[in-house]
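Novice: Just to be clear, the model below is a prediction. Sequence and coordinates:
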Amino acid sequence: MKFVNQLDYPHLMYKRIQMTPEFYEKNKALFENMKGFKAMASNAPTPEPGTPLPPGNVEKGGCGLCCAVMAADQLTPNTDFSLEDALDISYATKANFGGTDYDLFGPAFAEKMNYDFKSTNSLEDVDECIKTGGVAVASVMGDREDGHIGVFTHGWHYILVFAKRPDGKYAILDPSQTPTKYDEPGRKELVDKGDLIVDGNILYSTGEILLEEVKYLNPGFFLFRRK
């Protein structure tokens, strides 16, 4: 099983463009509730959509790209789909708004790899996808204005959900995992309770945690399955 960590790629450039008004409106609930983002929520983007921004890199904004590479590995063993391929898709679809807009990226990735694609907010849909051999990329939020500490990120992040255990916990690959990431306050308590398990590069999480972390994302899950 391939694990791709974005933190290993500070040298790989990820060019960014200004978000569109549609992207802003679609994610307004996130901007309004994410800690420190209220200014963004009250000020619509002013630069022309598509305007190049200072270049970033995969280390800072490539979580969605890493999830695509790991998803391809899960669904198409021995594939040569790479981060460079994922970058090409993101640029071609203009999904590179600082990170990656999976509403634009997801369908193009699925078409290239001959996968079925669906976006959803339903954990039941995720269960059905996993049960039939698919995977889900979850779009998760970080710290919130209400004091909630983000479990998988302090900002905005993508993780890969690829299996479900008999006890109901979901198997997850987090492309920004570090040895101490889940020792932080607000996360360690979940680990101590057993609601979140860290087993090497694999996390096991309750469905309740997943739903809380996608709460202000619409959609929260992007499903991929071989045709």
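Specialist: Sure, I can see it. Bear in mind that the values here come from a model prediction, so they are computed numbers and not experimental data.

Novice: Show me the shaky parts of this structure.
Specialist: Along the chain, segments meeting pLDDT under 70 span 38-52.

Novice: What is the three-state secondary structure of the residue nearest to the spatial centre of it?
Specialist: Residue closest to the average C-alpha location in the chain (CA atoms, centre = their mean): Tyr158, at 1.1 Å. With DSSP: H, G, I helix; E, B strand; the rest coil as the basis, Tyr158 sits in strand.

Novice: can you pull the contacts of it?
Specialist: 63-64, 66-67, 99-100, 102, 137-140, 175 (CB atoms under 8 Å, 6 or more residues apart in numbering). Bear in mind the C-beta positions are built from the backbone N, C-alpha and C, glycine included.

Novice: The residues you listed in helices, which ones?
Specialist: Residues of the contacts of Tyr158 located in helices (DSSP state H): 63-64, 66-67, 102.

Novice: Closest one of those residues to Thr132?
Specialist: Nearest to Thr132 among the ones in helices among the contacts of Tyr158: Cys67, at 19.3 Å, using CB to CB.

Novice: burial count for Ala138?
Specialist: Ala138 has 26 neighbouring residues, counting by other CB atoms under 10 Å.

Novice: What residues of stretch 5-20 count as buried?
Specialist: Across stretch 5-20, burial judged by 16 or more other CB atoms under 10 Å covers 5-6, 9, 14, 16-20.

Novice: Restricting to C-alpha, output whichever strand or helix holds Glu32 in CSV.
Specialist: Glu32 belongs to helix 28-33 when assigned by DSSP states H and E. Taking Å, rounded to 0.1, in the frame of the first residue of the first chain, the C-alpha atoms of helix 28-33 are listed here in CSV:
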residue,chain,number,x,y,z
LYS,A,28,-18.8,30.2,2.3
ALA,A,29,-19.9,28.1,5.4
LEU,A,30,-16.3,26.9,5.8
PHE,A,31,-14.8,30.4,5.5
GLU,A,32,-17.4,31.7,8.0
ASN,A,33,-16.7,29.0,10.6
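
Novice: tell me which residues of that helix are tucked away?
Specialist: Within helix 28-33, the residues that count as buried by 16+ other CB under 10 Å are 30-31, 33.

Novice: re earlier: with respect to Glu212, which of the buried residues of stretch 5-20 is nearest?
Specialist: Closest to Glu212, out of all of these and judged by CB to CB, is Gln6, at 23.1 Å.

Novice: how about the closest one, what does it touch?
Specialist: Counting by CB under 8 Å, 6+ apart, Gln6 makes contact with 58-60, 62-63, 65-66, 175-176.

Novice: Name the nearest residue to it, ignoring sequence neighbours.
Specialist: The shortest distance from Gln6 to any residue other than its chain neighbours is 4.4 Å, reached at Gly62 (CB to CB, 6 or more residues apart in numbering).

Novice: Thanks again, I'm all set now.
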